[in-house]
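S.K.: build me a model:
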Amino acid sequence: MRRRIARAVGRFAPAALVAALLVATAAAFAYTERLKLSPSPIKGTRVDKLFSPICECDSDTARIAFRLRKRDRVTVAIVNRDGNVVRTVVGDRRQRAGLVVAYWDGRDNLGRVVPDDSYRPRVKLALNRRTIVLPNPIRVDTSPPRVELGSVKPRVFSPDGDGRADRVVVSYRVDEPAQVSLYVDGVRRVVKRGSRQDGTVDWNGKAAGAPVDVGAHEVTLVARDLAGNLGERTAPKGVVLRYIALGRKRIVVASGHRFALLVSADAMRVEWHLAGRSGSVAPGTIHIRAPVRPGRYTLTLREHGHAVRAAVIVRAGA
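M.R.: Sure thing, here's the model as predicted:
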C-alpha cells in the first residue's frame, strides 16, 4: 500500500511542481503589472547632471531632489555602474509626503573622492517596499581643462574709438567645452560667454570701465569647464597700449629752422601745436619749423583727445 502511494506521489510530483511554478509566475506577473499601473511613489525628480567635488566653487556638490506621494522611511544612496553603493547620503530617514532633497559631495563612505565616471541615485522606500534607481546619471569630473592661447592681434593698440586697432583680439582653443576668461596683468578683465572650444576674446583696453595706463601689459587666458574645474593660466603675451608716441621728448634746434620728429599713432591724422601755430599731419616722420625767437617751447600733439608733449629748445643760429 505504501509503495502504491509512493509511486502515485512520484507520478504527480512533477505536475505539482510545474503547477506551483505557474502559479508563482502568474502571481509575479500580476504584481509586476500592478506596479506598472500604479503611480510611482516618487515624482518631480531633479538631479544635477555634472559636478566636480574638488573645484572649490558653487558646483562642488550634486543636488538630488524628488517628491514623495506618501510619507515613508527614505534611504538615498549613490550607486556606480555595477549597482554597488559608493555612498549613502540619506539613511533610513522618516520623511513626510512632499519634497525630499539630498546632497552628494562626490565622495564615498570613507570620505575619498570617487573616480571620474557616471553614477545614479538609488531611493529605497521602507514602508512602500520599493527600491528605485533614478534614471538621472550624475557625472563626476575632476579633470581641469587645458586652454591654448593662439594669436594676439594687434600687439600695439589704441582704444580711441576711431576704428583702427581699437582692441586686442586673442584667439584660443580648449580641449573640452569651457568658459574662457582673459586676464590682464594678473587681473581678470573679460569673461567670454558660452563654452565653445575655440574662438576669440576681445579686450578694449579698459578696467572697470576706465582706460588702463598707457604702456606694456601682459595678457593670459584661463578656462573653467562645465563641471567647475579651473585650468592653469597660459603663458603671458605682451601688448602695448598706445595712443600717440614720440620718437624723442627733447628737441634742440636753431631758431627758424625745421626739425624732424617721429610720431607713432593709429589715427589717420594728428594735430600739433607750437608757439601759437598749429597744423594737422599724418603719423610718421613729421617736419615743423621752429620759432624764430630763441627760448624753450612746448610742442603738443593730439590724437582723439589724447595728448603727448615734447620740449623744444630753440637756440640762436645763423
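S.K.: quick check: P236 touching H217?
M.R.: No. Using CB atoms under 8 Å, P236 is not in contact with H217; the gap is 9.3 Å. For every residue, glycine as well, the C-beta is placed using N, CA and C.
S.K.: tell me the contacts of H306?
M.R.: With contacts defined as CB atoms under 8 Å, 6 or more residues apart in numbering, H306 is in contact with S158, D160, Y243, I244.
S.K.: I should have written R122 there, sorry.
M.R.: Contact criterion CB under 8 Å, 6+ apart gives V76, A77, I78, V79, V85, T131, I132, V133, L134 as the residues in contact with R122.
S.K.: return the member of the residues you listed nearest to V281.
M.R.: Using CB to CB, I78 is the member of those that lies nearest V281, at 72.7 Å.
S.K.: host element of the closest one?
M.R.: strand 72-79 (DSSP states H and E).
S.K.: go on, P53?
M.R.: Using DSSP H and E, P53 falls outside every helix and strand.
S.K.: so what's it scoring on pLDDT?
M.R.: For P53, the model assigns a pLDDT of 97.
S.K.: drop anything exposed from the contacts of R122.
M.R.: Members of the contacts of R122 that pass the buried threshold by neighbour count (16 or more other CB atoms under 10 Å) are listed as V76, A77, I78, V79, I132, L134.
S.K.: what's the farthest-apart pair in these?
M.R.: Among those, I78 and I132 lie farthest apart (CB to CB), at 13.7 Å.
S.K.: got the buried residues for stretch 283-297?
M.R.: The neighbour-count criterion (16+ other CB under 10 Å) identifies P283, I286, I288, A290, P291, Y297 as the buried residues of stretch 283-297.
S.K.: chain center to stretch 86-104: distance?
M.R.: Distance of stretch 86-104 from its chain centroid, counting by CA atoms, centre = their mean, to the nearest Å, is 31 Å.
S.K.: mind listing what's buried in it?
M.R.: Judged by neighbour count (16+ other CB under 10 Å), stretch 86-104 contains these buried residues: V86, R87, T88, V89, V90, Q95, V100, A102, W104.
S.K.: and the residues you listed, which two are furthest apart?
M.R.: Taking CB to CB as the measure, the buried residues of stretch 86-104 reach their widest spread between V86 and Q95, a distance of 22.2 Å.
S.K.: the residue sitting nearest the centre point of the chain: which element?
M.R.: Nearest to the geometric centre of the chain sits Q179, at 2.7 Å (CA atoms, centre = their mean). Secondary structure assignment for Q179, by DSSP H and E: strand 178-184.
S.K.: if we can go back for a sec, out of the contacts of R122, who's nearest R224?
M.R.: Out of the contacts of R122, the member with the shortest distance to R224 (by CB to CB) is I78, at 24.8 Å.
S.K.: before we move on, what's the pLDDT of the closest residue to that closest one other than its chain neighbours?
M.R.: Distance criterion CB to CB, 6 or more residues apart in numbering; nearest residue to I78, sequence neighbours excluded, is R87 at 4.5 Å. In the prediction, the pLDDT value recorded for R87 is 98.
S.K.: with A290 instead?
M.R.: In this prediction, A290 carries a pLDDT score of 95.
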